[in-house]
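Q: Sharing a model that was predicted from the sequence below.
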Amino acid sequence: MTSHSGLVLCGLAAVVLGAGFAACKSETTDHSTTTTTTSTSTTTTTSTSTTTTPALTCVETCPDVVAAGCSAGPPTVADCETGCADLATSCGAELDALLVCAGPTPTIVCDGNGTPYPQGCEAYNQALYFCSYGIPAVCADICDGIVAAGCALGPPTAEDCWSGCGAADTTCPTQFAALEQCLGPNPSWVCDANGVPYAVGCQAESDAVSACIGP
């Protein structure tokens, strides 16, 4: 997956504290004369505003992305800008969050697969990756445990697991939904007799997904 940049505009945020007006009246009365004294206090209106620096655009970011020279990155600025436009359409919220994280002067680095991303924004980059490939968020929660189980027929890397997990969700939505519902917040993964990983307490649901996907 090639990570690109997209256009995001951050607007101005303003907080206005409203003014108040209060009147206090005291009265003193004798048998012949009534005197009324009125004192008035006012509250001064104070306005403050906060300005957020807009994130960079595709045009501003793509030269740095290409200059990083990542093996899975875009070869030209034009390729980067095209990919950026596609991501802005399909995964706009995730792309915007990544660029906001990157800030006005991002440092572009390469991940273990040779994909460029802004340093310090790994979680946002992963979210964009999942969105662009249609991988559900639950895959991020379970794949580390599946890989750690070390099963002979399990995925060797998290990236392989993400891909297979996304395919299972697309190909076998009913079985995958049943497995997801069974998993709970912290599932444990072990290997069956054939070396296939399954979630403890959810072997029937795990087997149903495996059978649906096929060999």
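A: Everything's here; your move.

Q: buried ones in the helix or strand hosting Cys182?
A: Taking DSSP states H and E as the criterion, Cys182 maps to helix 173-183. Neighbour-count burial for helix 173-183, with 16 or more other Cβ atoms under 10 Å as criterion, is recorded at Gln175, Phe176, Ala178, Leu179, Glu180, Leu183. Placement of C-beta: from N, CA and C, glycine included.

Q: Repeat that for stretch 182-198.
A: Leu183, Pro187, Trp189, Val196, Pro197, Tyr198.

Q: now swap in stretch 146-165 and tell me
A: Judged by neighbour count using 16+ other Cβ under 10 Å, the buried positions of stretch 146-165 are 146-147, 149, 151, 154-155, 158-159, 161-165.

Q: cool, stretch 120-135 as well?
A: Those would be Cys121, Tyr124, Asn125, Gln126, Ala127, Leu128, Tyr129, Phe130, Cys131, Ser132, Ile135, for stretch 120-135 by 16+ other Cβ under 10 Å.

Q: Ok, stretch 60-70 next?
A: Neighbour counts using 16+ other Cβ under 10 Å place Thr61, Cys62, Asp64, Val65, Val66, Ala68, Cys70 of stretch 60-70 among the buried residues.

Q: about what we covered before: and which of the buried residues of stretch 146-165 is nearest to Cys91?
A: Using Cβ to Cβ, Trp162 comes nearest to Cys91 of the buried residues of stretch 146-165, at 15.2 Å.

Q: correct me, but that closest one touches Val138?
A: No. Applying Cβ atoms under 8 Å as the test, Trp162 and Val138 come out as separate, 10.7 Å apart.

Q: need the buried residues of helix 173-183 in JSON lines with pLDDT and distance to Ala211, can you?
A: What follows is the buried residues of helix 173-183, written out as JSON lines (pLDDT from 0 to 100; distance: Cβ to Cβ, whole Å):
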{"residue": "Gln175", "pLDDT": "95", "distance to Ala211": "8"}
{"residue": "Phe176", "pLDDT": "94", "distance to Ala211": "12"}
{"residue": "Ala178", "pLDDT": "96", "distance to Ala211": "12"}
{"residue": "Leu179", "pLDDT": "95", "distance to Ala211": "12"}
{"residue": "Glu180", "pLDDT": "93", "distance to Ala211": "17"}
{"residue": "Leu183", "pLDDT": "92", "distance to Ala211": "18"}
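
Q: Ala97: which of these is nearest?
A: Glu180 (23.8 Å).

Q: which one is that closest one nearest to, not counting chain neighbours?
A: Val138 (5.5 Å; Cβ to Cβ, 6 or more residues apart in numbering).

Q: Am I right that that neighbour is in contact with Cys182?
A: No. Val138 sits out of contact with Cys182 when judged by Cβ under 8 Å, with a separation of 11.7 Å.

Q: re earlier: helices or strands up against the following helix or strand past the helix holding Cys182?
A: Counting by DSSP H and E, the next helix or strand C-terminal to helix 173-183 is strand 189-191. Applying 3 or more Cβ pairs under 8 Å, 6 or more residues apart in numbering; DSSP states H and E, one finds that strand 189-191 contacts helix 138-148, strand 197-199.

Q: Quick one: list the elements packing against the last one.
A: Yep, that's strand 197-199 we're talking about. helix 173-183, strand 189-191, helix 203-213.
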